[in-house]
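# Here is a sequence together with a model predicted from it:
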Amino acid sequence: MSSPGRSNGTRSVRRSWRELREAAKRRAPPPLLGKILYLEKLTVSFDGFKALNGLTLYVDPGELRCIIGPNGAGKTTMMDVITGKTRPDEGSAWFGQDVDLLSLTEPEIAQAGIGRKFQKPTVFEFLSVFENLELALAGDKTFWRTLVARLTPAHRERIAEVLHIIGLVAEQGVVAGALSHGQKQWLEIGMLLMQQPELLLVDEPVAGMTPQETERTAELLLSLAGKHTVIVVEHDMDFVRSIAGQVTVLHEGRVLAEGDMDRVQNDPQVIEVYLGA
Amino acid sequence: MSAIAGRLPLSFSDRESLWFLSILAVIAIAVPILNLAVPPSSPLHVSTYVLTLVGKYLCYAMLAIAVDLIWGFCGILSLGHAAFFALGGYAMGMYLMRQIGTRGVYGHPVLPDFMVFLNWTDLPWFWYGFDRFWFAMLMVAVVPAVLAYVFGWLAFRSRVTGVYLSIMTQALSYALMLAFFRNDMGFGGNNGFTDFKDILGFDLQQDTTRSVLLVVTVAALAASYCVCRAIVASRAGRVIRAIRDAESRTRFLGYRVESYKLWVFVFSAVVAGVAGALYVPQVGIINPSEFEPINSIEVVIWVAVGGRGTLFGAAAGAALVNYAKTYFTAALPEVWLYALGAIFVGVTLFLPRGLAGLMPAASRGK
């Protein structure tokens, strides 16, 4: 995988995104293989408030899916259910055909191949960029193993590769706490890549980013789709328009609309509850 | 990698370790020589009182390192480490009691004095084996380890963290204190164990025995320091710091946080237990007051004063605060607790990274 280069000007950026999107589609396995994520009739209530209310959602392998919806629509709760942080009252959640997510703990789900990036960038501030990536490295993560773990040349290569993808080669020795907001977000995406997950859950990747950082993040996510399945939760409509093939709109804990951006934006229900104008 | 390590505040260069181990080596060589070989008339002579005091400080330093590992690196504020220290001490005390043999006041060949006094006729089952040194030494490590394992397994599995966990560790220590105060427990009640005669056949009142104990304590302290440092410098050590700073993030990376916390907690308890075992023959007494909650809190203050998350700072803090304690409790006993409070407040306000934060190498990082 090569690093997406910086593009000059909006016009060429748009074209490169389209190209990247096409490329991502070509890399994706044929849809015959089945879905990678099955969420069916998920219901989660907190003190009577239904954060999820019969949510049903399927995601294809290699897809880049954007999830939008107003505050309280259940986006983060959905991610919590997928990653094992919250247990639903009803419904089922399957990762591929044979991994029942509801029966696994957070570390087991992570080991099964689901990585998550939080809304607020959470990197390990007192460790260096390099060490942050090292901890995210896929492999045996039991205490006794990590006690004697050494970095193999293959591991170093993998870390170097990811440093290159996220554009932090020069910062690898810097303490993560000293990075800019955008760099922390990329580092966290890099940590996801180290885990080599099949499914990446990315919560608001461009919140608080400058336009340049946003653009670069879009390139990064597009370059990942296809090889990985990526689910992005985002508020920034322009950003969603620029990266997403399929958009799912959540409202009050269930799916309100699904389809490409144009269709979703013209859906009268969506206009009413969310997009406003 | 060494260039990277140099820029990080927490992966200190080995210079500190070298200094720390050198100071320990000087203590191990100089103090016994000045005690045994220099005549008491010489101003350089180190009295047996001072020798014992140094040994005591070294045991406290070991306890401080144990607390620093679990608190400074893993973020678990244990307010019950004095309990592990005391349990190690009791295991050693049981061996020393059995060594007394017929030299006790009642001269019973098997039963320690307090059991004869309570009209017991048989040795309780849990005293079996403590006449053997190797068994007692095994128990010094095993008893704190098992307690830490069971406690940690329950607490960390239920995801009890922060102040709640601290309170539970206090409660654990307090409960053990109350239990050990009871005469029926079979551990000498509120008098505990004392009046020890010898260890492995060597008279505990002899200066040579005391000097050897000091050297052994230095060796144990150096060994615990090196093992703790190796743990901290390993990938597991970085996971532990990751848990301290962002626990749920670490979980989503696929680490079983509970198991990391548990093993560090168990290891830390073992170090505390060994420190307690070395403490008892040097001070010559162990009683339930060692379990007092205030003791565990004092350990946390030593670590905070010395510098959390540095290991050597914790050891230095233990020695300094206890030196201050020795001084104040002799010169101005009523002032000591106020002084301790003032030290803690002062360090928290003006030296958030402890005395270790004053060192140039440590302050360069941030």
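Okay, I see it.
# give the contact list for B:Ser259.
Under the criterion of Cβ atoms under 8 Å, 6 or more residues apart in numbering or on different chains, the neighbours of B:Ser259 are A:142-143. Where you see a C-beta, it was placed from the backbone N, CA and C, and this is true even at glycine.
# So what's the gap between the helix or strand where it lies and the chain middle?
According to DSSP states H and E, B:Ser259 maps onto helix B:257-283. Chain-centre distance of helix B:257-283: 7 Å, with Cα atoms, centre = their mean, to the nearest Å.
# Quick one: mean pLDDT for that helix?
When pLDDT is averaged over helix B:257-283, the result is 97.
# what's the next secondary structure element after it?
Using DSSP H and E, the next helix or strand after helix B:257-283 towards the C-terminus is strand B:285-286.
# Just give the number of residues close to residue 55.
By default, I'm working from chain A. The number of residues packed around A:Leu55, counting by other Cβ atoms under 10 Å in any protein chain shown, is 26.
# hmm, I had chain B in mind actually
Using other Cβ under 10 Å, B:Gly55 has 25 neighbouring residues.
# Write out the residues of the stretch 51-200 of chain A neighbouring chain B.
Applying Cβ under 8 Å from any Cβ of the partner chain, one finds that the stretch 51-200 of chain A approaches chain B through A:83, A:85, A:105-107, A:110-111, A:115-116, A:118, A:122-128, A:130-131, A:134-136, A:138, A:141-144, A:146-149, A:172-175, A:191, A:195.
# Which of these fall within helices?
The subset of those located in helices under the criterion DSSP state H comprises A:106-107, A:110-111, A:130-131, A:134-136, A:143-144, A:146-148, A:191.
# buried subset of those residues?
With neighbours counted by 16 or more other Cβ atoms under 10 Å in any protein chain shown, these contain buried members at A:106-107, A:110-111, A:130-131, A:134-136, A:143, A:146-147, A:191.
# and those residues as CSV, adding pLDDT and distance to A:Val206?
Formatted as CSV, the entries for these read as follows, by pLDDT from 0 to 100; distance: Cβ to Cβ, whole Å:
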residue, pLDDT, distance to A:Val206
A:Glu106, 90, 25
A:Pro107, 91, 28
A:Ala110, 90, 24
A:Gln111, 89, 28
A:Phe130, 94, 25
A:Glu131, 93, 26
A:Glu134, 93, 26
A:Leu135, 93, 25
A:Ala136, 91, 21
A:Phe143, 92, 36
A:Thr146, 90, 33
A:Leu147, 90, 38
A:Met191, 91, 17
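# And the furthest pair within those?
A:Glu106 and A:Phe130 (24.6 Å; Cβ to Cβ).
# list the helices and strands the one helix or strand B:Cys228 maps to packs on?
The secondary structure element spanning B:Cys228 is helix B:207-233 (assigned by DSSP H and E). Secondary-structure packing of helix B:207-233 (3 or more Cβ pairs under 8 Å, 6 or more residues apart in numbering or on different chains; DSSP states H and E): helix B:14-36, helix B:48-68, strand B:198-199, strand B:202-203, helix B:235-245, helix B:257-283, helix B:312-331.
# Whether the last one contacts chain A - can you check?
No: using Cβ under 8 Å from any Cβ, no contact is recorded between helix B:312-331 and chain A, whose separation bottoms out at 16.0 Å.
# quick one: buried residues of that helix?
Result for helix B:312-331 [16+ other Cβ under 10 Å]: buried residues B:312-322, B:325, B:328.
# quick check, nearest of these to chain A?
Using Cβ to the nearest Cβ, B:Gly313 is the member of these that lies nearest chain A, at 16.0 Å.
# was I right about that closest one contacting B:Gly306?
Yes: because the distance of 3.8 Å satisfies Cβ atoms under 8 Å, B:Gly313 is recorded as touching B:Gly306.
# how deep is B:Ala356 tucked in, by neighbour count?
Here the count is done by other Cβ under 10 Å, and B:Ala356 has 24 residues near it.
# Report how many residues lie close to the closest residue in space to it that isn't next to it in sequence.
By the measure of Cβ to Cβ, 6 or more residues apart in numbering or on different chains, the closest residue to B:Ala356 outside its immediate chain neighbours is B:Gly307, 2.7 Å from it. Burial of B:Gly307 is recorded as 26 neighbouring residues (other Cβ under 10 Å).
# for A:Gln265, same thing?
For A:Gln265, using other Cβ under 10 Å, the count is 18.
# Using CSV, write out every CA atom in the helix or strand where it lies.
Taking DSSP H and E as the definition, A:Gln265 sits inside helix A:261-266. What follows is helix A:261-266 as a C-alpha-only set of coordinates in CSV (Å, rounded to 0.1, in the frame of the first residue of the first chain):
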residue,chain,number,x,y,z
MET,A,261,-25.4,10.4,-0.7
ASP,A,262,-27.6,11.9,-3.3
ARG,A,263,-30.5,9.6,-2.6
VAL,A,264,-30.1,10.0,1.2
GLN,A,265,-30.0,13.8,0.9
ASN,A,266,-33.2,13.9,-1.2
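# Going by neighbour count, which residues in the next helix-or-strand element following it are buried?
Sequence-wise, the next helix or strand downstream of helix A:261-266 (DSSP H and E) is helix A:268-270. By neighbour count, and taking 16+ other Cβ under 10 Å as the criterion, the buried residues in helix A:268-270 are A:Val270.
# for the stretch 1-150 of chain A, what are the low-confidence residue spans?
Scanning the stretch 1-150 of chain A for pLDDT under 70 picks out the ranges A:1-18, A:24-33.
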